[in-house]
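Trainee: Predicted structure and sequence below. I'll ask about it afterward.
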Amino acid sequence: GGEPSSGAVSSVFSGTVSGFVNNNAGPGDCSTIPAGPELVSAASRLTHGSVGAFDVPMPLDGSGIEPRSANGNYTIVLHFDQPIQSGTAAVTAGSGSAGAVSFNGNDMIVNLSGVGNAQRLTLTATNVTAVGGGVLNSASLNVGFLIGDTNADKFTDAVDVSQTKSQSGNSVTNSNFREDVNADGFIDAIDTSLVKSKSGTALP
């Protein structure tokens, strides 16, 4: 072979190159990372004396209203798409405090205290960890609290008083438990008086 042609010049240059990917083998395929849980529904749960517990659905769009009086103490049930093993919860807007959190299957159960009336409260769950290992960093739920709003129209008024009075004397069932406003297991004149005392209140 011949020699390189005369006059060839080699120049030195420097620069920064980015975007390389580390292709070293890792601990596993990305597809094996478990998916985080997803909040699919929620409810406000109260026990009505010896009759049992009833849930007011709390749609995730924040339109749900809890009309029952429980001295500021409520239980919110967050239902996920898979079993949950841990997580925390806090009231991030509104008047009230989140206390003990428990877990039952797909449910995260949060106890609230000091909940004020005629308000929308925001409950935020964080680091919700599924039994399978997936984690949901954060999920928030807005809940309306308006004592006596038995027809859930955001106002406690004469319509609610009439609705409660019409159920007076009836057994508490899935169809009328909202009228047991004091959640004592009976729909009676005490409930009607309670609704009447709250007449004129409304959600903001």
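Mentor: Received the coordinates, thanks. On a predicted model such as this, the values are computed, not experimentally measured, just so you know. Numbers count the residues shown, from 1 in each chain.
Trainee: Wasn't Q163 part of a helix?
Mentor: Yes: using DSSP: H, G, I helix; E, B strand; the rest coil, the assignment for Q163 is a helix.
Trainee: and the gap between it and V195?
Mentor: 8 Å (C-beta to C-beta, to the nearest Å). Placement of C-beta: from N, CA and C, glycine included.
Trainee: Between these two, point out the one with more neighbours.
Mentor: Comparing Q163 with V195 by neighbour count (other C-beta atoms under 10 Å), the higher total belongs to V195, at 28 against 17.
Trainee: Please enumerate the shared neighbours of Q163 and V195.
Mentor: Both Q163 and V195 are contacted by T150, under the criterion C-beta atoms under 8 Å, 6 or more residues apart in numbering.
Trainee: Can you tell me the centre-most residue of this protein?
Mentor: Nearest residue to the geometric centre of the chain (C-alpha atoms, centre = their mean): L141, 3.8 Å.
Trainee: Now do the same for that one: helix, strand or coil?
Mentor: L141 ends up strand, using three-state DSSP.
Trainee: Show me what it bridges to in the sheet.
Mentor: In this structure, L141 bridges to L123 when assessed by DSSP bridges.
Trainee: shouldn't it be in contact with H79?
Mentor: No: counting by C-beta atoms under 8 Å, L141 does not reach H79; the two are 10.7 Å apart.
Trainee: Give me the common contacts of these two.
Mentor: L39, A42.
Trainee: returning to that earlier point: look up how far G52 lies from the residue nearest to the centre of the chain.
Mentor: Using C-beta to C-beta, L141 is found at 24 Å from G52.
Trainee: and the helix or strand containing T126, what other elements does it pack with?
Mentor: Assigned by DSSP states H and E, T126 falls within strand 119-130. If contacts are counted by 3 or more C-beta pairs under 8 Å, 6 or more residues apart in numbering; DSSP states H and E, strand 119-130 sits against strand 74-80, strand 84-93, strand 107-113, strand 135-145.
Trainee: nearest to S41, of the ones you listed?
Mentor: The closest of the helices and strands packed on strand 119-130 to S41 is strand 74-80. By C-beta to C-beta, the value is 4.5 Å.
Trainee: which neighbours does the closest one have in its sheet, and in what orientation?
Mentor: strand 39-48 (antiparallel), strand 107-113 (antiparallel).
Trainee: The longest one: what's the following helix or strand?
Mentor: In the C-terminal direction, the helix or strand that comes right after strand 39-48 (DSSP H and E) is strand 52-57.
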